[in-house]
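K.L.:
quick one: sequence and predicted model below, then my questions.
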Amino acid sequence: MLLIALASAASLVTLVLLLILLRSLRERELEAPPLGERHHERRRTHAPARDAREAIALVGDALAATHNPRALVPLILEVVTEATGARGAQMIQDGEEVGWFGDTGGRGRPLTLELRSESAEVDARLILYPRGRSFDRETLKLAEWIAAQAGIAFENARLHDEVRRQATTDELTSLVNRRRFIEALEIELERAKMFGTPLSVVLADLDDFKRINDSFGHHAGDYALRAFGELLRDHVRDVDVAGRIGGEEFAVFLPETGLEAAAAVASRMREALASTRITLPEGAQIRLTASFGIAESASGQSTDELLRQADAALYEAKRGGKNRFTVAQRADAQ
């Protein structure tokens, strides 16, 4: 959530700077002498044009540097409307409207521009609505150029998002990886301290997992891990974060959740897993069980201390016979 907020703030600053720049360019155009004046006066209009090209290049750089896909749509729409003097603009992606700016009506002939990129995954187009009947030739060139930059921006954002996803996601289960889980837990733990709300962590470890690999092969083990990852997703809320933190060990943190409620979640997960037959691609069926350790954050407790407390509870569940959960005593209650 913090990363999204920072990206949105940066995009807002970019938008403000671009609009100031584009408005100043349009003011220069309005101050330029009419085309019908003397030759030496017409020559003076070339300087603002050169400035405009340099400024528009900055616009392209700013669009290409905006890595938040959600921030790109309003940014592009407002920039292209301001730059071309259009009545309004609309963006269509995969056949559906994803954003609009200004007035998308009028009697003039709309201009449709494809947002092309090197990736076939980006299927978007801009529709500009002129104030008059149509756009003049120079404005058409400008609109085409901005559309080309917008296509680059979408491709850039897609690649950036893909790299970010790969860096923070476990490839096998599609849950967050250990690094991202701990980063998110640290942020949530600080929020819980600030507002005085509970936060619980559930650690889960598949029982006798080596037996699956030895009996059916590592591909069966991978299939079982994916199945358990799906089960975790089915039993957590949107505000909870589930991750694979190594091997057959998983973790979930539950904001604004105390020990009793977290234990109920772990109990449902344990029962759902134990009662499910997992059918492997070859047709064989296996059963899995897991042990769970649960801990609630205490005042002044660090992320590492909270995880160690949950891990100690998990060890007690394993030692007590597996296929069960153990709740750790709160650190500040000891």
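P.N.:
Received the coordinates, thanks.
K.L.:
what strand or helix carries Leu128?
P.N.:
strand 124-129 (DSSP states H and E).
K.L.:
so what does that strand touch, helix or strand wise?
P.N.:
If you count contacts as 3 or more CB pairs under 8 Å, 6 or more residues apart in numbering; DSSP states H and E, strand 124-129 packs onto helix 69-84, strand 88-93, strand 111-115, helix 137-168. Where you see a C-beta, it was placed from the backbone N, CA and C, and this is true even at glycine.
K.L.:
buried stuff in stretch 282-294?
P.N.:
Neighbour-count burial for stretch 282-294, counted by 16 or more other CB atoms under 10 Å, picks out Ile286, Leu288, Ala290, Ser291, Phe292, Gly293, Ile294.
K.L.:
quick one on the thing from earlier: can you redo the helices and strands packed on strand 124-129 as JSON lines with mean neighbour count?
P.N.:
Conversion of those to JSON lines gives the following (neighbours: other CB atoms under 10 Å):
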{"stretch": "helix 69-84", "mean neighbour count": "21"}
{"stretch": "strand 88-93", "mean neighbour count": "20"}
{"stretch": "strand 111-115", "mean neighbour count": "18"}
{"stretch": "helix 137-168", "mean neighbour count": "17"}
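K.L.:
nearest to Ser174, of the ones you listed?
P.N.:
helix 137-168 (9.3 Å; CB to CB).
K.L.:
after the closest one, next one along is what?
P.N.:
Counting by DSSP H and E, the next helix or strand C-terminal to helix 137-168 is helix 178-195.
K.L.:
buried residues in that following helix?
P.N.:
Arg180, Phe181, Ile182, Ala184, Leu185, Glu188, Leu189, Ala192.
K.L.:
between these, which sits nearest Asn213?
P.N.:
The closest of the buried residues of helix 178-195, once distances to Asn213 are taken by CB to CB, is Phe181, at 23.8 Å.
K.L.:
thought the closest one was touching Glu249?
P.N.:
No: if you go by CB atoms under 8 Å, Phe181 and Glu249 don't touch, sitting 11.0 Å apart.
K.L.:
tell me where the protein is predicted with low confidence.
P.N.:
Applying pLDDT under 70 to the chain picks out residues 1-70, 117-122, 161-166, 330-334.
K.L.:
Leu199 is in contact with Ala261, correct?
P.N.:
No: the criterion here is CB under 8 Å, and Ala261 misses it with Leu199 at 11.3 Å.
K.L.:
what's the domain layout of the chain?
P.N.:
Domain segmentation of the chain under automatic domain parsing yields 2-168, 178-333.
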